[in-house]
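Undergrad: any chance you could fold what I've pasted below:
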Amino acid sequence: MGDLTGKKIAFLLTDGFEDSELTSPWTAVVQSGASATLVSPAEGQVEGKNGHVQAVDLASSGAVADDFDALVLPGGVVNADHLRLDEAAVAFTRDFFAHHKPVAVICHGGWILTDADVLQGRTVTSYPSLKTDLRNAGATWVDEEVVVDQGLVTSRTPADLPAFNAKLIEEVAEGAHAGQTT
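TA: Residues are numbered from 1 along each chain as shown. A predicted model of the protein is given here:
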């Protein structure tokens, strides 16, 4: 894949996430040399819908995009629905776009992008039930395994994780993307 030595990746999520959509990209970036940080509105720990428990490293209220090289947004309906209600999480997400940093989103994770108002003119994919929401937020939605649009990586489901992880690492290795804007 790519060398991410020295890169810092934020994973933003809360309870109810899709377990593999955290664990698989987390492992991929760490094995590529990056450090990973779990950011959440919750403190203590978060639990995935299939029982994976992981410690929270940083509260979203204290998270700053400048401290990271990229953002990963795992899916899971409950996770995505609750996360988009946290104003600090939405602002944190928006700031990655404002600073032209890579953002990787899978499954229902894309819901927060509608609240962050960063989809106008972008091409994305997601779990199919988000199609209308993402289109209403200004995106062009396509049904593809993985879509890359100026540093924004999107995928549909856990079945797409190998392609998602590869593009996540590629985009982080490339660094800032001038077209990655709010």
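Undergrad: residue 20 versus residue 88, what's the distance?
TA: Residue 88 is 26 Å from residue 20, where distance means CB to CB, to the nearest Å. In short, each C-beta sits where N, CA and C put it, glycine included.
Undergrad: when those two are compared, which one has more neighbours?
TA: residue 20 (20 against 15; other CB atoms under 10 Å).
Undergrad: shouldn't the more buried one be within a strand?
TA: No. Judged by DSSP: H, G, I helix; E, B strand; the rest coil, residue 20 forms no part of a strand; its state is helix.
Undergrad: isn't it up against residue 161?
TA: Yes. The criterion here is CB atoms under 8 Å, and residue 20 meets it with residue 161 at 6.4 Å.
Undergrad: which stretches of this structure form strands?
TA: Here the chain has its strands, by DSSP state E, at 8-12, 35-40, 45-47, 53-55, 58-59, 70-73, 103-106, 123-124, 140-141, 146-149, 152-155.
Undergrad: strands paired with the third one, and their directions?
TA: It refers to strand 45-47. strand 53-55 (antiparallel) (DSSP bridges).
Undergrad: buried stuff in the strand it pairs with?
TA: residue 54 (16 or more other CB atoms under 10 Å).
Undergrad: cool, stretch 152-164 as well?
TA: 152, 153, 154, 155, 156, 157, 158, 160, 161, 163, 164.
Undergrad: same thing with stretch 51-60?
TA: Here stretch 51-60 shows 54, 56, 58, 60 as buried, counting by 16+ other CB under 10 Å.
Undergrad: with stretch 95-105 instead?
TA: Those buried within stretch 95-105 under the rule 16+ other CB under 10 Å are 95, 96, 97, 100, 101, 102, 103, 104, 105.
Undergrad: can you pull the pLDDT of the residue positioned nearest the centre of the chain?
TA: Centroid-nearest residue in the chain: residue 73, 2.2 Å away (criterion: CA atoms, centre = their mean). pLDDT recorded at residue 73 is 98.
Undergrad: relative to residue 6, how far out is it?
TA: From residue 73 to residue 6 the distance is 22 Å (CB to CB).
Undergrad: who are the neighbours in contact with the closest residue to residue 3 other than its chain neighbours?
TA: Closest residue in space to residue 3, ignoring its immediate chain neighbours: residue 33 at 5.6 Å, by CB to CB, 6 or more residues apart in numbering. Neighbouring residues of residue 33 by CB atoms under 8 Å, 6 or more residues apart in numbering: 3, 4, 5, 6, 7.
Undergrad: so, low pLDDT: which residues of this protein?
TA: 1, 178-182 (pLDDT under 70).
Undergrad: in it, which spans are helices?
TA: 19-31, 77-83, 87-98, 111-116, 131-136, 161-174 (DSSP state H).
Undergrad: any idea which of these is most buried?
TA: Of those, the one with the most neighbours on average (mean count of other CB atoms under 10 Å) is helix 111-116, at a mean of 23.
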